[in-house]
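Peer 1: What follows is a predicted protein model with its sequence.
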Amino acid sequence: MSANNHNTGGKSANGNNTITAKAKARAHGMLAYSQRQVDRVVAPSTRQKAIDSTTAFATRRPLLSLFIATQLLSALLPTLLFATFVLSALVFALLSTIVFTLFWTLVALLFLVPTLLMTSGFAVLIWLWAVGTYTVGRAIYLRLPASTRQSINPNGGKHVIFNNQSYDLDEAIAAEVAETRE
């Protein structure tokens, strides 16, 4: 073993170059990907105009541009942290609301399903009772002699005749009042 191989842990200088080359290729690929994504959002010509105007402003007023840059850079981290906090709190609140609602909905379903089963059972029993009563009553009625059967008149034998003539509400009320006074 040579001294060079012993110091690198058994890896040759080519192995380190391969890892470095892979890292550089991966970094280049990530840079190209991010450049394509930025190009999708902001057109390269628009971005170049912004860079040119910023460079021209920095050349004309270096102290003001340095002040603005330091303010932006120093405020960037707290602003990003705050935005991250707000977004994570919002996501947490929404998820906890959904979980809370689902939990209590399931608890309510534990009461609703047995209640519906019981009321459905009662409804079936009431229906069976009504059908049975009707069937038994009808069978008894049909076994009676014809002379004892009575015809049922639901309105008490009164008949209402509607007249299709024009109807005057005031006259009808006056007639009703006069009839009541008599």
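Peer 2: Yes, it's here.
Peer 1: other SSEs contacting the helix or strand encompassing Ile51?
Peer 2: Assigned by DSSP states H and E, Ile51 belongs to helix 44-60. In this structure, helix 44-60 packs against helix 62-143, with contacts taken as 3 or more CB pairs under 8 Å, 6 or more residues apart in numbering; DSSP states H and E. Glycine gets a C-beta too; all of them are placed from N, C-alpha and C.
Peer 1: And the residue sitting nearest the centre point of the chain, how close does it get to Gly132?
Peer 2: Central residue of the chain (CA atoms, centre = their mean): Ile98, 9.4 Å from the mean position. Distance, Ile98 to Gly132, by CB to CB, to the nearest Å: 49 Å.
Peer 1: Ok, Trp104 next?
Peer 2: Here the criterion is CB to CB. By it, Trp104 lies 42 Å from Gly132.
Peer 1: Quick check: phi and psi at Val42.
Peer 2: Per-residue torsions, Val42: phi -120, psi 130 (degrees, to the nearest 10).
Peer 1: again, but for Ala146
Peer 2: phi -60, psi -30.
Peer 1: can you count the residues close to it?
Peer 2: By the other CB atoms under 10 Å criterion, the neighbourhood of Ala146 contains 5 residues.
Peer 1: same thing with Ser65?
Peer 2: The tally of other residues near Ser65 (other CB under 10 Å) stands at 15.
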